[in-house]
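**Q** have a look at this fold, sequence not included:
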């Protein structure tokens, strides 16, 4: 068996399910990745019809209240 010299464009990185639940990140939805100040940011991409909340918590700040 020969080793491949190709570099994978993706890396599997385990994230504890508890953390995903804490920030209410549903991975069955489309998510986007970015880097900011040396940190990996994972966030959902919202549909135009769906209201975007300013944070993952329900009604905890002015931006979330409707």
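**A** Here it is on my side, so go on. Fair warning: this is a prediction, and the values are worked out from it, not measured in the lab.

**Q** which stretches in this structure count as strands?
**A** With strands called from DSSP state E, the chain shows them at 31-36, 39-44.

**Q** what about the protein, any weak spots by pLDDT?
**A** 1-5, 48-66 (pLDDT under 70).

**Q** what about 90?
**A** 1-13, 15, 17, 20-31, 42-66 (pLDDT under 90).

**Q** hey, which of the strands of the chain is tucked in deepest?
**A** When you average the neighbours per residue for each of the strands of the chain (mean count of other Cβ atoms under 10 Å), strand 39-44 leads with a mean of 12. Using the backbone N, CA and C atoms, a C-beta is placed for each residue, glycine as well.

**Q** for it, packing partners?
**A** Using 3 or more Cβ pairs under 8 Å, 6 or more residues apart in numbering; DSSP states H and E, the elements in contact with strand 39-44 are strand 31-36.

**Q** and the angle from the strand it packs on to strand 39-44?
**A** Calculated by axes from the mean of the first three to the mean of the last three Cα atoms, to 10 degrees, strand 31-36 forms an angle of 150 degrees with strand 39-44.

**Q** residue 31 bridge partners, please.
**A** Here residue 31 sits in beta bridges with residue 44, going by DSSP bridges.

**Q** out of the strands of the chain, flag the one nearest residue 22.
**A** Closest approach to residue 22 among the strands of the chain (Cβ to Cβ): strand 39-44, 13.1 Å.

**Q** other residues contacting that closest one?
**A** With Cβ atoms under 8 Å, 6 or more residues apart in numbering as the test, strand 39-44 has contacts from 25, 26, 29, 30, 31, 32, 33, 34, 35.

**Q** re the thing from before, so for residue 17, which of the strands of the chain sits nearest?
**A** Closest approach to residue 17 among the strands of the chain is made by strand 39-44 (13.8 Å; Cβ to Cβ).

**Q** make a markdown table out of the contacts of strand 39-44 and add distance to residue 18.
**A** Shown next, in a markdown table, are those (distance: Cβ to Cβ, whole Å):
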| residue | distance to residue 18 |
| --- | --- |
| 25 | 12 |
| 26 | 14 |
| 29 | 19 |
| 30 | 22 |
| 31 | 18 |
| 32 | 22 |
| 33 | 20 |
| 34 | 23 |
| 35 | 24 |
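
**Q** good, we can wrap up now.
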